[in-house]
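Trainee: Next one to model:
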Amino acid sequence: MSNPSLSKRTILLLNFIKNKHYPSKSEVMEYLKDQDIVVSERTIERELKSIRNDFGIEISHCRKYRGYYINEEESVDIISFFKYLELVSISEIFSEGLMSDNKLKEYILFENTPVLNGIENLSPILIAIKQGCKLSFEHYNYYKDTKKQYTISPLMIKEYLNRWYVIGVVDGLNTIRIFGIDRLSDLKQGDLMTVIRKDFEEDLNKFSNIVGVRVNEASLENIVLKTHEKHMRYLKSLPLHQSQYILPDTESGYYKVGYNIIPNYEFDIQILKMSMEVEVLKPEWYRNHIKAEIEKIYNKYKD
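Mentor: Okay, here's the model as predicted:
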């Protein structure tokens with residue numbers, strides 16, 4: 001692969017096909033024309049081929065509905081790709097808006113969180129992963145208020161709640177460690193890694209089965225919640241985890257929301273945040289676990 005990039009045309013085309021019900025080639029061309037992008041049929045075909053080759057996203061044509069759709073079975077990690085696409089799209093919107101009107105920032109309210117802290121570390125981390133090299137840095141520990149030097153073999157990065165983490169194997173250890181990139185300084189690329197990624201595949205796969213970054217020894221569970229119709233709409237628009245599925249409940253106006261997930265601290269926090277909106281149905285041990293946590297909270301306020 002040379003150096004794939006997401007042009008404005010590519011972003012618009014992907015979002016249109018994702019959100020439109022089987023658009024035809026002429027509908028795609030008309031939509032792009034409305035966005036001041038005039039293309040030919042051949043250009044559309046080349047674009048779809050590039051998207052497949054560069055990003056592993058397969059856009060197929062459905063004979064039955066006579067239009068295009070994103071073929072999830074033939075594509076690579078759809079959820080992660082569209083998360084990336086969302087970030088690029090937002091960046092494009094803000095860039096264009098701020099360039100055309102410096103007052104735009106007066107109309108936008110951001111969360112008061114340091115989402116950009118450590119963002120400059122992403123590039124050297126990704127380069128080290130891509131080139132298979134070790135990475136040395138100084139890490140600041142919030143709780144102990146101490147700094148310590150580490151050398152790791154970086155294997156993966158993960159985003160959670162607007163923060164980025166690098167996951168890797170520390171030199172001299174044979175276990176996975178997680179570091180928040182906002183707490184890293186003095187990054188230096190080192191020698192080629194001797195760690196074999198495949199040896200840690202099982203551990204790395206766990207990060208796809210959890211909310212957040214805290215891995216534990218728990219097993220994969222099918223956790224089922226009960227919620228009312230209004231909150232179900234919220235969960236449908238903003239799933240807690242990629243495994244989420246929603247089914248009608250036997251009680252009118254209520255739904256069952258399920259997750260195939262390894263329950264951890266971050267998932268507990270999400271459930272407790274929704275405590276007035278949801279009820280854990282199963283498994284029984286997890287229902288009792290959340291019940292115990294709610295009782296701890298209640299005991300803080302009962303006097």
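Trainee: which residue packs closest to residue 82, ignoring adjacent ones?
Mentor: residue 18 (7.1 Å; C-beta to C-beta, 6 or more residues apart in numbering). Bear in mind the C-beta positions are built from the backbone N, C-alpha and C, glycine included.
Trainee: Correction: the previous question concerned residue 164.
Mentor: Counting by C-beta to C-beta, 6+ apart, residue 164 lies nearest to residue 181, which is 4.7 Å off, once chain neighbours are set aside.
Trainee: what do you get for residue 268?
Mentor: residue 293 (6.6 Å).
Trainee: Specify the local secondary structure of that neighbour.
Mentor: When classified by DSSP: H, G, I helix; E, B strand; the rest coil, residue 293 comes out as helix.
Trainee: where in this structure is pLDDT low?
Mentor: Across the chain, the ranges flagged by pLDDT under 70 are 1-5, 90-116.
Trainee: So which residues of it form strands?
Mentor: In the chain, the segments counted as strands under DSSP state E are 59-62, 67-70, 133-141, 146-160, 163-170, 176-180, 184-192, 221-228, 245-248, 254-261, 278-282.
Trainee: And for the residue nearest to residue 164, the neighbour number?
Mentor: Here the number of neighbours of residue 181 (other C-beta atoms under 10 Å) works out to 21.
Trainee: With residue 140 instead?
Mentor: Using other C-beta under 10 Å, residue 140 has 15 other residues around it.
Trainee: how near is the closest residue to it other than its chain neighbours to residue 152?
Mentor: What sits nearest to residue 140 in space, not counting adjacent residues and going by C-beta to C-beta, 6+ apart, is residue 183, at 4.4 Å. Shown here: residue 183 relative to residue 152, a distance of 13 Å by C-beta to C-beta, to the nearest Å.
Trainee: for residue 242, same thing?
Mentor: Between residue 242 and residue 152 the distance is 26 Å, computed by C-beta to C-beta.
Trainee: quick one: which of those two has more around it?
Mentor: Using other C-beta under 10 Å as the criterion, residue 242 and residue 152 rank with residue 152 on top: 25 against 16.
Trainee: give the contact list for the residue lying closest to that one once chain neighbours are set aside.
Mentor: Residue nearest to residue 152 in three dimensions, not counting chain neighbours: residue 168, with 3.8 Å by C-beta to C-beta, 6+ apart. Residue 168 makes contact with 135, 152, 153, 154, 155, 156, 176, 177, 179, according to C-beta atoms under 8 Å, 6 or more residues apart in numbering.
Trainee: Quick check: bridge partners of the fourth one?
Mentor: Going back to what we said before, that points to residue 154. Beta-bridge pairing of residue 154 under DSSP bridges involves residue 168.
Trainee: doesn't residue 129 make contact with it?
Mentor: Yes: at 5.0 Å, residue 154 and residue 129 qualify as touching, with contact defined as C-beta atoms under 8 Å.
Trainee: And the two? Which one has more around it.
Mentor: In this comparison of residue 154 against residue 129, neighbours counted by other C-beta under 10 Å, the higher total goes to residue 154 at 25 against 20.
Trainee: and the more buried one, what is it in contact with?
Mentor: The contact partners of residue 154, by C-beta under 8 Å, 6+ apart, come to 125, 128, 129, 134, 135, 166, 167, 168.
Trainee: Next: residue 176.
Mentor: Per C-beta under 8 Å, 6+ apart, neighbours of residue 176: 155, 167, 168, 169, 200, 203, 204, 215.
Trainee: who wins for most neighbours among these?
Mentor: Neighbours here are counted as other C-beta under 10 Å. On that basis the top member of those is residue 168, with 25 neighbours.
Trainee: Could you dump the contacts of residue 176 into TSV and include distance to residue 85?
Mentor: TSV is the format used below for the contacts of residue 176 (distance: C-beta to C-beta, whole Å):
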residue	distance to residue 85
155	24
167	23
168	26
169	30
200	28
203	28
204	23
215	27
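Trainee: From those residues, pick the one nearest residue 267.
Mentor: Here the nearest of the contacts of residue 176 to residue 267, counting by C-beta to C-beta, is residue 215; it sits at 11.8 Å.
Trainee: And the closest one, how close does it get to residue 55?
Mentor: In this structure, residue 215 and residue 55 are 28 Å apart, going by C-beta to C-beta.
Trainee: Going along the chain, name the helices of the chain.
Mentor: Taking DSSP state H as the criterion, the chain carries its helices at 8-19, 25-34, 41-55, 78-100, 122-131, 201-206, 229-237, 265-273, 284-301.
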